[in-house]
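> The following block contains a protein sequence and its predicted model.
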Amino acid sequence: MAVTSDPAGRGPAVPSDGFHRRLYQVAQRSLSDDTGQTPGMRRVEALSGTSVGSSALWMGQTHVAPATKSANHHHGKSETGIYVAAGHPEFVFLDGDEETRLVTGAGDYVYVPPWVPHREENPDPDNEAVVILARTTQQAIVVNLPDLRWVGPVAVATVDPESAVPLIACQLSAGARHERGEQWSTLLGDAVTRDRGEDGAVRISFLAQPDVAARVAELALREQQCCPFFHFSVDVSEGALTLSVSAPPEAGALVEELFGTP
């Protein structure tokens, strides 16, 4: 099986026949800090939808300098597994109204449930604290907070618990959003027609070819994973493949930004 590969280790290698998958290696030199950040620490990304095409996994590292503490934050709907690689980081959260501290050392593991506000502190005056992270989303969701109080699902929630309506928020980092926009621009360059249906949805037609159908389906799936307020549907008839895109009125500007104005 022939594949194309990225020598730098950034970006998925694509099988030439389209029916096989391969393993990916991301070298230490290829770790990227183009991911969500929190003051007082530095995150680097290794495995993600951007780097290897993962759909439900993100892995990376966090570095906290000596005698430093991070800002308070949570990771939205992501579950987070932490392995302490070096140093003695302390993880701080509220248990009821009481501030609680987990004091850790190299070789320890920590589990952070979704939505739980916390911060990481490194009281060591001389040595950096380094942890390995794994999250259950393909992008690193980071929501920085003024304090540790629990406020429930907020900005990046899939569903607003009060209204059961998808919230208008994207979970991608700035760099990943730019790359996603370039991917849509490339795909839309192959469009035959573009109009707006009576229901307000943007309808984009392509030639009904297998490779085009695969690209449309994959990109629509990736978009809905990070922006669940979008609704996509695909129809194939009379030699044409039509992608319909709709969203709540509040997301109209985002629809036009990605898909243009018919």
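Nice, thanks for sending it over. Numbers count the residues shown, from 1 in each chain.
> Provide the partner residues of the residue nearest to Ser32 when sequence neighbours are not counted in its beta bridges.
Nearest non-adjacent residue to Ser32, counting by C-beta to C-beta, 6 or more residues apart in numbering: Glu45, 4.9 Å away. All C-beta atoms are positioned from the backbone trio N, CA, C, and that covers glycine. Glu45 has the following beta-bridge partners by DSSP bridges: Ser32, Gly60.
> give the contact list for Glu45.
31-35, 51, 58, 60, 140 (C-beta atoms under 8 Å, 6 or more residues apart in numbering).
> As JSON lines, those residues with pLDDT and neighbour count would be great.
Listed next are those as JSON lines, based on pLDDT from 0 to 100; neighbours: other C-beta atoms under 10 Å:
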{"residue": "Leu31", "pLDDT": "95", "neighbour count": "17"}
{"residue": "Ser32", "pLDDT": "93", "neighbour count": "18"}
{"residue": "Asp33", "pLDDT": "91", "neighbour count": "14"}
{"residue": "Asp34", "pLDDT": "90", "neighbour count": "17"}
{"residue": "Thr35", "pLDDT": "88", "neighbour count": "24"}
{"residue": "Ser51", "pLDDT": "91", "neighbour count": "25"}
{"residue": "Trp58", "pLDDT": "94", "neighbour count": "26"}
{"residue": "Gly60", "pLDDT": "96", "neighbour count": "22"}
{"residue": "Ala140", "pLDDT": "77", "neighbour count": "26"}
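> Could you identify the pair within the residues you listed that is furthest apart?
The distance between the two most remote of the contacts of Glu45 (C-beta to C-beta) is 14.0 Å, for Asp33 and Trp58.
> Could you check the pLDDT of Gly107?
pLDDT for Gly107: 97.
> From what I see, Arg101 and Val92 are in contact.
Yes: if you go by C-beta atoms under 8 Å, Arg101 and Val92 touch, sitting 5.2 Å apart.
> can you pull the buried residues of the lengthiest helix in the chain?
Longest helix in the chain, counting residues (DSSP state H): helix 210-226. For helix 210-226, a neighbour-count test (16 or more other C-beta atoms under 10 Å) marks 212-213, 215-216, 219-220, 222-223, 225-226 as buried.
> Pro146 contacts Asn72, doesn't it?
Yes: the pair Pro146 / Asn72 is scored as a contact, 6.9 Å apart, by C-beta under 8 Å.
> And the two? Which one has more around it.
Neighbour totals were compared for Pro146 and Asn72, and Asn72 leads with 22 against 8 (other C-beta atoms under 10 Å).
> do you know how far the more buried one is from Leu23?
Per C-beta to C-beta, to the nearest Å, Asn72 is found 37 Å from Leu23.
> any weak-confidence spans in the protein?
1-20, 151-174, 261-262 (pLDDT under 70).
> Which parts of it are helices?
Going by DSSP H, the chain shows helices at 174-188, 210-226, 252-259.
> Which of these sits closest to Pro113?
So among the helices of the chain, helix 210-226 is nearest, using C-beta to C-beta, at 20.4 Å.
> so how far is the closest one from its chain's centroid?
16 Å (C-alpha atoms, centre = their mean, to the nearest Å).
> Let me have the helices of the chain in CSV, extended by distance to Glu198.
Output for the helices of the chain, formatted as CSV (distance: least, C-beta to C-beta, whole Å):
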stretch, distance to Glu198
helix 174-188, 22
helix 210-226, 21
helix 252-259, 16
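> Ala201 is nearest to which of those?
helix 252-259 (9.0 Å).
> about what we covered before: of the contacts of Glu45, closest to Gly105?
Gly60 (20.7 Å).
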